[in-house]
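K.L.:
Here's my sequence, what's the structure:
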Amino acid sequence: MEEKKGMPGWVKGCLTGCALLLLLAVILMTFVCQQVKSMFEGVTQAEQSFEQLAREYGDYDTFSPGATVSVTADQMERFLRIRESMEDDRVRMEEELGNFHLDIDDEDIGPRKVWAVLTAVGGLMNLAGEYLAVRNEKLLLEQMSLGEYLWIYSLTYYSWLGHEVVAGPELTVGGENWELFQDSESPLSPRQQQRRYRRVISALFQNQINAVPDTDPEGLARLKQEFGRFENDLRSVIWESGLPDADAAVLEPYRDRLEATWHPPTNMMELPFPDQDGGVRMRVN
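P.N.:
Predicted coordinates:
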């Protein structure tokens, strides 16, 4: 009886080689995926914290400032406890941003260059995510909604103290100082930062207008006049010529503490990227 011939040796060799290559490819892809996942772990933490804030207090645009006095002493105390408790986090962010250097070798091509940029920028996004996750935890601890925080932040630092909406860090690219994402179409450019500010504050200011009772027509007219001016001056901030006396009186005792907690390098991280439905997201794409 004739014996059946086994698989030729060269075929077995090819299959073994292919299997090894496939195994190496799987190992490599697993490593890359783990690296990318860890790179953006902070972003994931931030997004989860934003979701928790929304569950507790609603989206940022549901907050309504007081109709006659838009900020109270109690709100200022809670706001400043948050800001002052994050001093170490701000210092850490400033140090990390100061140590950022993106130097790409001209000889690098394809995947190597892409990986260098992804690693550098991804590292910054991860740090920003960690910073925002901590901030959002502080908001929950102080029982402050995101909209409430953003209103006080903008009213105090931009409108009252006169700090720049577009203030942000400088990074080193190719040995030269480089403002973060100078391209005007980048979500983190100064132009887009100004747009984010206007979108957030317009929603909150409109809520304040809607909250004015019918018994205060003068107050309503004053808010509508300021809102109209703000809408027509695309580079301005609300109450640019001076806050209402009632708000200014509340803020004056906190001037020094507010100045001490203003921090340009992390300013760009404070305003969220609004979604179309009023929510926020951490990712900028």
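K.L.:
Which parts of the stretch 151-285 of the chain are strands?
P.N.:
For the stretch 151-285 of the chain, the strands defined by DSSP state E, counting those that start in this stretch cover 170-173, 176-179, 273-274, 280-281.
K.L.:
all strands of the stretch 1-150 of the chain, in order?
P.N.:
Under the criterion DSSP E, counting those that start in this stretch, strands of the stretch 1-150 of the chain are mapped to 101-102.
K.L.:
Could you list the low-pLDDT ranges of it?
P.N.:
1-40, 99-123 (pLDDT under 70).
K.L.:
and with 80 instead?
P.N.:
Residue ranges of the stretch 1-150 of the chain with pLDDT under 80: 1-43, 96-126.
K.L.:
re the thing from before, mind telling me which of the strands of the stretch 151-285 of the chain the model trusts least?
P.N.:
Ranked by mean pLDDT, those end with strand 280-281 at the bottom, a mean of 48.
K.L.:
got the phi/psi numbers for the residue nearest to R81 when sequence neighbours are not counted?
P.N.:
The shortest distance from R81 to any residue other than its chain neighbours is 6.1 Å, reached at E142 (C-beta to C-beta, 6 or more residues apart in numbering). No exception for glycine: its C-beta is placed from N, CA and C like everyone else's. Backbone dihedrals for E142, given as degrees, to the nearest 10, come out at phi -90, psi 10.
K.L.:
who are the neighbours in contact with the residue nearest to L132 when sequence neighbours are not counted?
P.N.:
Among residues not flanking L132 along the chain, A46 sits closest, at 4.2 Å (C-beta to C-beta, 6+ apart). By C-beta atoms under 8 Å, 6 or more residues apart in numbering, the contact list for A46 reads A128, G129, E130, L132, A133, N136, M282.
K.L.:
got those residues as TSV, with neighbour count and distance to D256 columns?
P.N.:
Output for the contacts of A46, formatted as TSV (neighbours: other C-beta atoms under 10 Å; distance: C-beta to C-beta, whole Å):
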residue	neighbour count	distance to D256
A128	21	28
G129	23	31
E130	18	29
L132	24	26
A133	21	29
N136	22	26
M282	22	32
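K.L.:
sorry, back to before: where's the residue nearest to L132 relative to E148, distance?
P.N.:
The gap separating A46 from E148 is 18 Å, by C-beta to C-beta, to the nearest Å.
K.L.:
Most widely separated two among the contacts of A46?
P.N.:
Pairwise distances among these were taken by C-beta to C-beta; the largest, 12.4 Å, belongs to A128 and N136.
K.L.:
count of neighbours near Q45?
P.N.:
Neighbour count of Q45, defined by other C-beta atoms under 10 Å: 19.
K.L.:
S70 and T156 touch, don't they?
P.N.:
No. Counting by C-beta atoms under 8 Å, S70 sits too far from T156 to count as a contact (10.9 Å).
K.L.:
Which residues outside stretch 71-81 are in contact with it?
P.N.:
Contact with stretch 71-81 is made by 65-66, 138, 142-144, 148-149, 151-153, 155-156, 247, 250-251, 253-254, 257-258, 261, as judged by C-beta under 8 Å, 6+ apart.
K.L.:
quick one on the thing from earlier: okay, the contacts of A46 in TSV with distance to Q206 next?
P.N.:
Below are the contacts of A46 laid out as TSV (distance: C-beta to C-beta, whole Å):
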residue	distance to Q206
A128	29
G129	30
E130	33
L132	25
A133	29
N136	24
M282	25
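K.L.:
Could you list which of these belong to helices?
P.N.:
Under the assignment DSSP state H, these contribute A128, G129, E130, L132, A133, N136 to helices.
K.L.:
isn't the fourth one right up against L53?
P.N.:
No. Under the contact definition of C-beta under 8 Å, L132 does not touch L53, with a separation of 10.5 Å.
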